[in-house]
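> model this:
(3 chains, ligands or ions: 2)
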Amino acid sequence: MAVELTPVAAPLQGGLVDAASRFFLDNPDWGYVWSNRDAILDATVVTVQLTFVSIVLGFLIGLPAGVAEVYAPAWLRVPVETVGVVVRAVPILVILIYMFYVFSVSSSPFIAATFALGLRSGAYQSQIFRGAIQSVGEGQMEAARSVGMSKLEAIVYVIVPQSLRRSIPGFQNEFTIVLKDTSIAIILGVTELLGTAEDLFLQQNRTGTALELILAISLVYFVLTVTTNRGLEFAGDYFGVPTGENA
Amino acid sequence: MSDPLLRVEDLHKSYGDETVLRGIDFELERGDVEILSGPSGSGKSTLLRCVNRLTEPDSGTIYLDGERVSGAGTDVNELRRQVGMVFQDFNLFLHLTAAENITLGLRRVKGLGKAEARERAMEHLDRVGLADQAGSYPAELSGGQKQRVGIARALAMDPKLMLFDEPTSALDPELVGEVTSVMRELADEGMTMLVVTHEMGFAREAASRMMFLDQGQIVERGPPEQLFQHPEQARTAEFLQRITQLHGGEST
Amino acid sequence: MSYAEDLRRVRTREGRSVGSMVLIALGGLFWGYLLLRWLINWEWVPFGTPGEPLVSPETLGLTGGTATAFQSLPQLAEGAYITVLITVLSILLGLVLAVPLSVARVYGRWTKYLSLSFTELIRGTPLIAQLYLLYYGLNLSQFFRGLTQFGPFTVRTPVWAVDLGPLKVQTALWVALIGFTINSAAYQAEYIRSAIESVDPQQLVAARSVGLTQREGILHVVLPQTLRFAIPGWTNELVYLIKYSSLATFITVAELFRRADAVASDTFDYTAMFTVVALVYIGIVITATRLMGYVEDRVALPGLGQTRGRS
Ligand SMILES: Nc1ncnc2c1ncn2[C@@H]1O[C@H](COP(=O)(O)OP(=O)(O)OP(=O)(O)O)[C@@H](O)[C@H]1O
Ligand SMILES: [Mg+2]
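Residues are numbered from 1 along each chain as shown, chains lettered A, B, ... in the order given. Ligands and ions are numbered 1, 2, ... in the order given. Just a heads-up that it's a prediction; the model follows:
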């Protein structure tokens, strides 16, 4: 069984010293990066879309799963927990392959990647919501039941709204993780930021500008993560409700 | 109608091998204000919670207004609509303002419209003296204010019976009075109330009857003066004497 | 029934011990097989053929994808070795960097900002982009290719690396180790920082008041408490590294994922190959979590809390 070990980077010549000295001492070729700014911008849009759709899908999976882990009877809770444990133990790379080649959810790499990132995010979001629900405290459920609400009504109108607010910090983490991990969709050939950078330096045979391209897209990722974090912090303050522990 | 408002028959409850209630029988007439007293762990909260089935009794029957409300074929949610509950640690909905705490049940359970629910909520907040705090979140209220909202929330559902589980125990002493005075008004208006409390001043002034619970059984029951002055049981005498020393005669 | 009661019902002793016995038995089989396979592949034992399964799939009557997967088990085991190697080395090396980084972050004057910029830059960009930067951008692999011929970087040749001829070991592995170490250092520094911050500041005051210097106080009083706080975060980090070590495939390191991918893209037996791979990852992850849970119980001090979570 031949395992392919030939480096993809075979065309790369020179070494660290060459690369670094060219970059720092001679002339970094930002012109090539700049001339491809449209491609990078398009890729940024793809990355943002992939992140956003995956997070939403993850939310649609994770919120009910989190509620089920706390309130569902064993016949539902145990399978939900088990699927969660499995999905959280497997690399996203394997989940991507699974969605595309095994489940063949779509012939579009973008959609398959969305399913993979969404499912994985759902498995983590379920834990964020479970933790938040558990931190809400039993008294809230009892108070809701004591005015005659059903268990489902209590969950929908009292427990979930409070846990959503409590999940914002965890959600912030999750958002940046998904954003960063969209880059792994490169395995399916999605032309997000990293994939586009790779195309620009490998396929167009501009291996010399790999450093500039990777730095450029890293900057985009950095700006996106920082913006997302600040944005969600703002959302947290905005939707935040003063909560004393005992009320 | 000659049925009592609440009738509890032979109620039993255990947790594992720990028996908490061992055969509780009593009745409340309309307008009764009954104090439930007894040492810690005697089963007071459990009994109260069995009445609106927040805790499900192991056996026994509960009748509200002549109708059986426990056991097979009965609707817990319907029971709870008719029985209000006030908690020791308030349990206000933290994500909702004082007014919204009240409208939630009115809208979701009673099915009132937004405006009507709002109006009712304001009436009840006014009744407990908190109309000006309608827009405050629980974390912005003092303990006494929280508890008054808790009472208003329960009252707004138009309950036939109100249950209070140590409504003033979590409050600083100077805030106890504002809650007991609301409860006293309620008693004067004829609300039927079952109250667990150590406030003996409130018991003396507002209660029509008092029962003393120990080890899951009703040890003694009667008008407050009788229990305070001529208790039949030594256990009752000893407990009430201690509690009176701690929680004073007159409530402020 | 209340939620708390529910939990108590689920977490009964009996339920746990039966479950753990099965789990321990499965774990024994799993690691026993891997160990045996590694020994055979490296010709450290006088039996078995490197790279060949102990029995042929035909003998077992296997066909199709199952046969392919079975036939590939030796390669997958070898890949699992690289996966474990990357994980263990980078978490340990990362820890070595993370301790000074976090101390600088909390107690440093200007080093605080150095540490902050480093962790924020690393945590704000994808790990795979960092690997690309080292491998394609800086061409580190070539750099190591030059170095392996000298002493310090030659290691014992695993059988699978023979294909690489005189280089003995994949230079890309070193690039991956550097990438994962740097990345993990940033995340571990965050865990340790928040653990340091959750240690009562009075502890340092108390240390100073018995005459310790600031440095001694940090070293002997704050850090020992901190490291216990940091264990749950550390468990997360370990699990994270196990899974994300698969990204080394992008810079050609022949770890677990790449082995399976190579076979699957030849034979199109994606289902069988990646099911086995998923199971191997699950095995490693569950083992790591259990072991860390055990460690946590052992070093727990009464009255000291926990921190958690990677982002
Ligand atoms: N959910 C539960 N699970 C197990 N045991 C319980 C539960 N709730 C109450 N108990 C036990 O039942 C007994 C009676 O409790 P209960 O809360 O009714 O006492 P109480 O009279 O209200 O006491 P206190 O004055 O302290 O509030 C106690 O021994 C308690 O430990
Ligand atoms: Mg009680």
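> contacts and neighbour counts: CA atoms only from here.
Noted.
> just list the residues touching residue 130, thanks.
Assuming you mean chain A. Neighbouring residues of residue A:130 by C-alpha atoms under 8 Å, 6 or more residues apart in numbering or on different chains: A:66, A:67, A:69, A:70.
> to clarify, I was referring to chain B.
B:145, B:148, B:149.
> so which of these reach chain C?
When C-alpha under 8 Å from any C-alpha of the partner chain is applied, no member of the contacts of residue B:130 is adjacent to chain C.
> so the residue in chain A positioned nearest to chain C: helix, strand or coil?
Nearest residue of chain A to chain C (C-alpha to the nearest C-alpha) works out as residue A:211 at 3.7 Å. On the three-state scheme (DSSP: H, G, I helix; E, B strand; the rest coil), residue A:211 is labelled helix.
> pLDDT score for it?
The confidence metric pLDDT takes the value 89 at residue A:211.
> swap in the one 3 residues further on?
Per-residue confidence for residue A:214 comes out at a pLDDT of 94.
> buried ones in whichever helix or strand residue A:84 is part of?
Using DSSP states H and E, residue A:84 sits in helix A:74-89. For helix A:74-89, the neighbour count (16 or more other C-alpha atoms under 10 Å in any protein chain shown) marks A:77, A:80, A:81, A:84, A:86, A:87, A:88, A:89 as buried.
> please list which of those residues are also close to chain C.
Applying C-alpha under 8 Å from any C-alpha to the buried residues of helix A:74-89, those adjacent to chain C are A:86, A:89.
> for ligand 1, state which of the buried residues of helix A:74-89 is nearest.
Nearest to ligand 1 among the buried residues of helix A:74-89 is residue A:77, at 21.7 Å by C-alpha to the nearest ligand atom.
> helices or strands up against the helix or strand hosting residue B:203?
In the assignment (DSSP H and E), residue B:203 maps to helix B:200-206. Counting contacts by 3 or more C-alpha pairs under 8 Å, 6 or more residues apart in numbering or on different chains; DSSP states H and E, helix B:200-206 packs against helix B:173-188, helix B:224-229, helix B:234-247.
> helix or strand next in line after that helix, which one?
strand B:209-214.
> show me where chain A has its helices.
Taking DSSP state H, the helices of chain A run over residues A:16-24, A:30-35, A:37-71, A:74-89, A:92-97, A:109-136, A:138-146, A:151-154, A:160-166, A:168-181, A:193-198, A:210-239.
> chain B now?
With DSSP H as the criterion, chain B has helices spanning B:44-51, B:76-82, B:98-108, B:114-127, B:143-155, B:173-188, B:200-206, B:224-229, B:234-247.
> what helices or strands is the fifth one leaning on?
Taking 3+ C-alpha pairs under 8 Å, 6+ apart as the contact definition, the neighbouring helices and strands of helix B:143-155 are strand B:83-86, helix B:98-108, helix B:114-127, helix B:173-188.
> who's in contact with residue B:203?
Counted by C-alpha under 8 Å, 6+ apart, residue B:203 has contacts B:35, B:210, B:224.
> and those, which is closest to ligand 1?
residue B:35 (12.7 Å).
> the closest one contacts residue B:198, correct?
No: using C-alpha atoms under 8 Å, residue B:35 is not in contact with residue B:198; the gap is 9.1 Å.
> dihedrals phi and psi, residue A:29?
phi -90, psi 70 (degrees, to the nearest 10).
> residues in contact with it?
A:209, A:212.
> repeat for residue B:163
Taking C-alpha under 8 Å, 6+ apart, one finds B:48, B:83, B:84, B:85, B:86, B:193, B:194, B:195 in contact with residue B:163.
> check for me that residue C:278 belongs to a strand.
No: secondary structure assignment places residue C:278 outside any strand; it is helix (three-state DSSP).
> chain C contacts on the stretch 1-150 of chain B?
Contact residues, the stretch 1-150 of chain B versus chain C (C-alpha under 8 Å from any C-alpha): residue B:55.
> ligand 1 contacts on the stretch 1-150 of chain B?
B:15, B:20, B:39, B:40, B:41, B:42, B:43, B:44, B:45, B:46 (C-alpha under 6 Å from any ligand atom).
> which one (most neighbours) among those?
Counting neighbours by other C-alpha atoms under 10 Å in any protein chain shown, residue B:44 comes out on top of these with 27 neighbours.
> any idea how far the residue most central in space within chain C lies from residue C:246?
For chain C, the residue sitting closest to the mean C-alpha position, by C-alpha atoms, centre = their mean, is residue C:87 at 2.6 Å. From residue C:87 across to residue C:246, the span is 10 Å (C-alpha to C-alpha, to the nearest Å).
> that older thread, and of the buried residues of helix A:74-89, the nearest to residue B:173?
Minimum distance to residue B:173 across these is 45.0 Å, recorded for residue A:77 (C-alpha to C-alpha).
> contacting residues for that closest one?
Shown in contact with residue A:77 (C-alpha under 8 Å, 6+ apart): A:68, A:69, A:70, A:71.
> how near is the last one to residue C:231?
Separation of residue A:71 from residue C:231 (C-alpha to C-alpha): 29 Å.
> and for residue C:92, the neighbour number?
Residue C:92, neighbours per other C-alpha under 10 Å, totals 15.
> that one is in what secondary structure piece?
Going by DSSP H and E, residue C:92 is in helix C:64-107.
> what's the first helix or strand after that helix?
Assigned by DSSP H and E, the successor of helix C:64-107 is helix C:111-123.
> just give me the neighbour total for the residue in the stretch 101-250 of chain C that chain B sits nearest to.
Of all residues in the stretch 101-250 of chain C, residue C:198 sits closest to chain B, at 25.2 Å by C-alpha to the nearest C-alpha. Residue C:198: 17 surrounding residues under other C-alpha under 10 Å.
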